[in-house]
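S.K.: Provided below are the primary sequence and the corresponding predicted coordinates.
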Amino acid sequence: MPEGDSIWLAAARLRPVLEGRVLTDVACRWPRVVHGLVGKQVDRIETRGKHLLLRFSDATTIRVHLKMTGRWRTFSSGFPREDLGIALSTEAGTAACYRVPDVERIDDRGLSDHPVLAALGPDVLSEGFDPGSAVARASPEAMVGEALLDQRVACGIGNVYRAEILFYERQDPFAPLHAVRDPERLWATAARMMRENLHPGRRNTTGLPHLDHWVYGRQRRPCMRCRTRIEAREVGALPRVLYWCPRCQAAR
Ligand SMILES: [Zn+2]
């Protein structure tokens, strides 16, 4: 599932193909998104949480959000057209995104008041990320399991990290934020776990070679700490399955 670390890694893969290079060809399921881009330079590639931004020399930006299905791939020559969302080619190759539902072109003048981007909280993976600034943006009444996913509080955390952070911190996911003893720890752990996964290969949140996740995807299996069965339940306005150990993460 694409979370902030996946987007950071995608940007790192795309840079050698695109950054500082002139576009020689473009293709897009929504042709207006790439209109007039051939001959323009890709000035730089940025990430903001789960959004990837391609900044061009004509003072426009393409914003891409992979949602649940999208995937970036790079090719040295040629690329498959099936399920193609957008493809950008330079003399160094092609960066193509497949099965992507959310792509738009933005005039740079509109970037600072973009309805989605402007509302994002600080990026968990940004240099000097301050967990206290995330806590300050969250509602004290919010359920802690929901606050961690709220991109307006801090951006980049998705469903896998939410479950893993809460387990690691032995935190009841259903508690209101104001009842958490040291809420900054949750976002500090988020930043640490995600930074440890800024390398290619499988995401691992345990540090153990034989176990990728403590609770995520492990419903009805025994907790690695206490052997209690892991529970799973859809939670939130946009239901996503929350995984937790009812004993290690019991209400205090
Ligand atoms: Zn347990």
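M.R.: Perfect, I can see it now.
S.K.: CA atoms of stretch 181-196 as CSV?
M.R.: What follows is stretch 181-196, C-alpha atoms only, in CSV (Å, rounded to 0.1, in the frame of the first residue of the first chain):
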residue,chain,number,x,y,z
ARG,A,181,0.2,10.4,28.1
ASP,A,182,2.8,11.5,25.6
PRO,A,183,1.2,12.0,22.2
GLU,A,184,4.4,13.4,20.6
ARG,A,185,5.9,9.9,20.9
LEU,A,186,3.4,8.6,18.4
TRP,A,187,4.5,10.9,15.6
ALA,A,188,8.1,10.6,16.6
THR,A,189,7.8,6.8,16.2
ALA,A,190,6.1,7.4,12.8
ALA,A,191,9.0,9.4,11.6
ARG,A,192,11.6,6.8,12.9
MET,A,193,9.7,3.8,11.4
MET,A,194,9.2,5.4,8.1
ARG,A,195,12.8,6.7,7.8
GLU,A,196,14.0,3.1,8.5
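S.K.: next one: that stretch to chain centre, how far?
M.R.: 15 Å (C-alpha atoms, centre = their mean, to the nearest Å).
S.K.: what mean pLDDT does it get?
M.R.: Averaging pLDDT along stretch 181-196 gives 97.
S.K.: contacts made by it with the rest, please.
M.R.: Stretch 181-196 is contacted by residues 3-5, 124-125, 129, 131-132, 134-135, 138, 144, 148, 154, 156-157, 161, 164-166, 168-169, 171, 177, 180, 204-205, 207 when judged by C-beta atoms under 8 Å, 6 or more residues apart in numbering. Heads up, the C-betas are built off the backbone N, CA and C, glycines and all.
S.K.: which helix is the longest one in the chain?
M.R.: Across the chain, the longest stretch assigned as helix under DSSP state H is helix 4-18.
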